[in-house]
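*Asks:* Sequence first, then the predicted structure, then my questions.
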There are 2 protein chains.
Amino acid sequence: MSVTREKILELGENLIRTKGYNAFSYQDISSELGIKNAAVHYYFPSKENLGTSIVKTNIQRFEEMVDNMVNRKFNEWQQLETFIKIYVKSYREHKKCLVGSLSPDYNTLNETTKVELKKMIEMILKWLTELLDRGRNNEVFAFKDAPDSKALIIFSSLVASLQLTGIMEKIDYKCLQQSILDDLKP
Amino acid sequence: MSVTREKILELGENLIRTKGYNAFSYQDISSELGIKNAAVHYYFPSKENLGTSIVKTNIQRFEEMVDNMVNRKFNEWQQLETFIKIYVKSYREHKKCLVGSLSPDYNTLNETTKVELKKMIEMILKWLTELLDRGRNNEVFAFKDAPDSKALIIFSSLVASLQLTGIMEKIDYKCLQQSILDDLKP
DNA sequence: AAATATACTTACTAATTAGTAAGTAAAAAA
DNA sequence: TTTTTTACTTACTAATTAGTAAGTATATTT
């Protein structure tokens, strides 16, 4: 695959995660890469196309991460820790996560982008729900709620806290991360 | 105060909460109210001005809600329930909350709007932290974490879940609400 | 060596955006 | 009754937006 194409995808993702979908333009990308507006359209004919590709790339990344953890025979606790680390990394890089950045703009997205975003959220929640359920059965986790409720609360906490830490510097994300894990200790 | 001015504030808030700050325009407001673009500028010279006024209105609403609960001598449990009800109402109306809608766009907001949004989040977290702390001392709530961590988790869950329910219709917001409350039962 | 595909640029369009300056009709104040 | 204020409209501007059509230099294939 083309280097420019990959740079556009990466820059586009960063722009969504720092400015939001409706605030970034093809000009933002072209000027940053030192190419012309039309060159971006050469790789991604429309913004719909680019947005959808960015979400698809993220879905793939998530699938690869899960595959990798299964191959390395991570237990449930290790898997949850690895997942949370993604958000801690975003926090350090002063970026929101893609889901948190795109969700408020959902109504303004094109159909194909909506479909992929929905798919991505479904995938994460399904994986997290099953992880929590399995982990509780194996006595790696302990919690009262239904696994799907717990998954939603954990995912929501990670997503929204990331948004809030971008505004309130005093919030300690690592502390929050520890809180989530402590809460699941048997 | 002018009726048109109040209609603009209300419509503007709804537009932020359904489309996002950078996707709504003065045209959206003027055409909906059957007035001209320039009439909106008459009341709110700039979008910065309108955005800031909308956040200020919401701060005032929050302060009034707290005052009202104190006057009616609500205990900590009742106060938390009342607070959560705001989000359940938003859920039923298919709207996100203002904080969740504006936070991802924070970097694109004007200084004055940033200041007010930060003030609003600070206010809510401070109130919730103190409520949880007081409630635990009075044995109305039970939880292990530090009150500020718990406040952040609860607030984040409410904000982000509201965003996710707008995408995944199968998520049961009332169930989540119950989970949050159950988790605090002594 | 000729044909073709790749990776762009040049130069543009049509629509939308926030914002403004000047005018106006009706109500309120003097 | 005149003046002033309120609440707009008309008519516009300058900037930015996504997107396109046609051209071009370079690399690759035939």
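*Replies:* On my side now, so go ahead.
*Asks:* Please count neighbours and contacts with C-alpha atoms only from this point.
*Replies:* Fine.
*Asks:* so, in contact with DNA strand C or not, stretch A:34-51?
*Replies:* Yes: contact of stretch A:34-51 with DNA strand C (Cα under 7 Å from any atom of the strand) involves A:34-39, A:42.
*Asks:* Which ones among these also lie next to DNA strand D?
*Replies:* Answer for those near DNA strand D (Cα under 7 Å from any atom of the strand): A:37-38.
*Asks:* I'd like the residues of stretch A:34-51 next to DNA strand C as CSV, with pLDDT, secondary structure and distance to chain B appended.
*Replies:* Formatted as CSV, the residues of stretch A:34-51 next to DNA strand C follow (pLDDT from 0 to 100; DSSP: H, G, I helix; E, B strand; the rest coil; distance: Cα to the nearest Cα, whole Å):
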residue, pLDDT, secondary structure, distance to chain B
A:34, 97, coil, 23
A:35, 97, coil, 24
A:36, 97, coil, 24
A:37, 97, helix, 21
A:38, 98, helix, 23
A:39, 98, helix, 25
A:42, 98, helix, 25
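*Asks:* and which of the residues of stretch A:34-51 next to DNA strand C is nearest residue A:133?
*Replies:* Distances from residue A:133 to the residues of stretch A:34-51 next to DNA strand C, taken as Cα to Cα, are shortest for residue A:42 (45.8 Å).
*Asks:* The closest one: neighbouring residues, count only.
*Replies:* By the measure other Cα atoms under 10 Å in any protein chain shown, the count of residues near residue A:42 is 10.
*Asks:* check contacts around it.
*Replies:* By Cα atoms under 8 Å, 6 or more residues apart in numbering or on different chains, no residues touch residue A:42.
*Asks:* by contact count, what packs against the helix or strand containing residue A:150?
*Replies:* For residue A:150, the element it lies in under DSSP states H and E is helix A:147-165. On a contact count with 3 or more Cα pairs under 8 Å, 6 or more residues apart in numbering or on different chains; DSSP states H and E, helix A:147-165 meets helix A:76-92, helix A:98-102, helix A:111-137, helix A:173-183, helix B:147-165, helix B:173-183.
*Asks:* mean confidence score for it?
*Replies:* For helix A:147-165, the mean pLDDT works out to 96.
*Asks:* What is the neighbour count of the nearest residue to residue A:31 once chain neighbours are set aside?
*Replies:* Nearest residue to residue A:31 in three dimensions, chain neighbours excluded: residue A:37, at 7.9 Å (Cα to Cα, 6 or more residues apart in numbering or on different chains). Residue A:37 has 15 neighbouring residues, counting by other Cα under 10 Å.
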